Every structure is written in structure tokens, then in C-alpha cells.
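K.L.:
Give the three-dimensional model of this entry:
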Amino acid sequence: MQIRIASTIAESIVDGPGIRYVVFTQGCPHHCPGCHNPSTHDFNQGKLIEIDELINDMKKYPYMSGLTISGGEPFAQDVALLELINKYHQLYKNKNILIFTGYTYEELKEKHSNIVEEIFAKIDYLIDGRYVASLRDLSLVYRGSSNQRIIDMKKTYNNTQIVIKEF
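P.N.:
Residues are numbered from 1 along each chain as shown. Below you'll find the predicted structure:
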């Protein structure tokens, strides 16, 4: 299976806890003014890559703390996103996964998608919400604007309310 990506970064220390492997997906419907990654908006740009090729590249960095998937909008390719998560978990069972999304958790839940639910069940953290330039806050960890939340998905998924994670 293939996924359309803008790029990857190995050894990032700014895209989640610890040292991360980061996949930037290509294509985003949100077009947030002031977006940090505007080059990822066009769904026809970037490159199609086999998920197995990404996984093989990740094997070069076994000391990574986890995987971050950003964008673009990762949930615009939800089937490929789930495949990437599943293959990553096969490779590294004890490493965490963080996804950045412009959707809110509630918007994704409202899709009533089995794929989204399966993704939620398999990830550790979700940073949700569109970037809002007027709410920009450089003191926030891993986020650009104060409306964005770091959701602890392991605790939220088994709870009736959203559990916020503080790093």
C-alpha cells in the first residue's frame, strides 16, 4: 500500500516526546492561515511511497522514542494511515505514536468511521485542532495555538471524556 507524503525527518526532537521519526503526509483540506507547513496542502504534490519503504527506513533508527505523523492532514488518507500504524506496531511494540490533525477529536468521532476508531485505539497521543494564528502561543509544547489539545488517547479511548496530556 502507498501513502502520499511531503517528507520525513529522522531524529526530530520537536514533534513529540523524545527523539522521533516524523512522517509529513501530503494534502490538507484545512488551509489554516499561517500554517507551519503550507507546502503540504496540495493533494497532488509530494510523492507516493510504499509504506514498507517507510518502515524499512525507520529500521535504521531503532533508538527512536516513537513515530509522529503530521501533515498535511493525516486523516485525509485514513486507510493508508491505519496501515502505517499497524506496520509500525509490528516493528516496534513498545514505542508510542502521536498524530497531528487539523480536525478536532469530536469532528473525527462524528465521522462514525470504523477506520478512525481503529486508529484511535492504536495511537498514544492526538494533537487536534486547526492552527489559529490569533491564538499562537510559543510557550506551548508541541502545538502552535492554544486551541490545540494534546489528547492522551489510551486514557481517552477507555473513558467517557477527553483526557488531556501535559508534557
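K.L.:
SS state for residue 76?
P.N.:
helix (DSSP: H, G, I helix; E, B strand; the rest coil).
K.L.:
Need the three-state assignment for residue 118.
P.N.:
With three-state DSSP as the criterion, residue 118 reads helix.
K.L.:
Apart from its neighbours in sequence, what residue is nearest it?
P.N.:
Spatially, and ignoring its direct neighbours in sequence, residue 118 is nearest to residue 82 (5.9 Å; C-beta to C-beta, 6 or more residues apart in numbering). No exception for glycine: its C-beta is placed from N, CA and C like everyone else's.
K.L.:
what about that neighbour, neighbour count?
P.N.:
When counting by other C-beta atoms under 10 Å, one arrives at 17 neighbours for residue 82.
K.L.:
Need phi/psi at it.
P.N.:
Torsion angles at residue 82 (phi, psi; degrees, to the nearest 10) stand at phi -60, psi -40.
K.L.:
ok, now which ones touch it?
P.N.:
115, 118-119, 122 (C-beta atoms under 8 Å, 6 or more residues apart in numbering).
K.L.:
same check, this time on residue 162
P.N.:
With C-beta under 8 Å, 6+ apart, residue 162 has these contacts: 105, 149, 151, 156.
K.L.:
Neighbours of the closest residue to residue 18 other than its chain neighbours, how many?
P.N.:
Nearest residue to residue 18, sequence neighbours excluded (C-beta to C-beta, 6+ apart): residue 65, at 2.6 Å. For residue 65, the neighbour count with other C-beta under 10 Å is 16.
K.L.:
From residue 98, how far out is residue 65?
P.N.:
Distance of residue 65 to residue 98, given as C-beta to C-beta, to the nearest Å: 10 Å.
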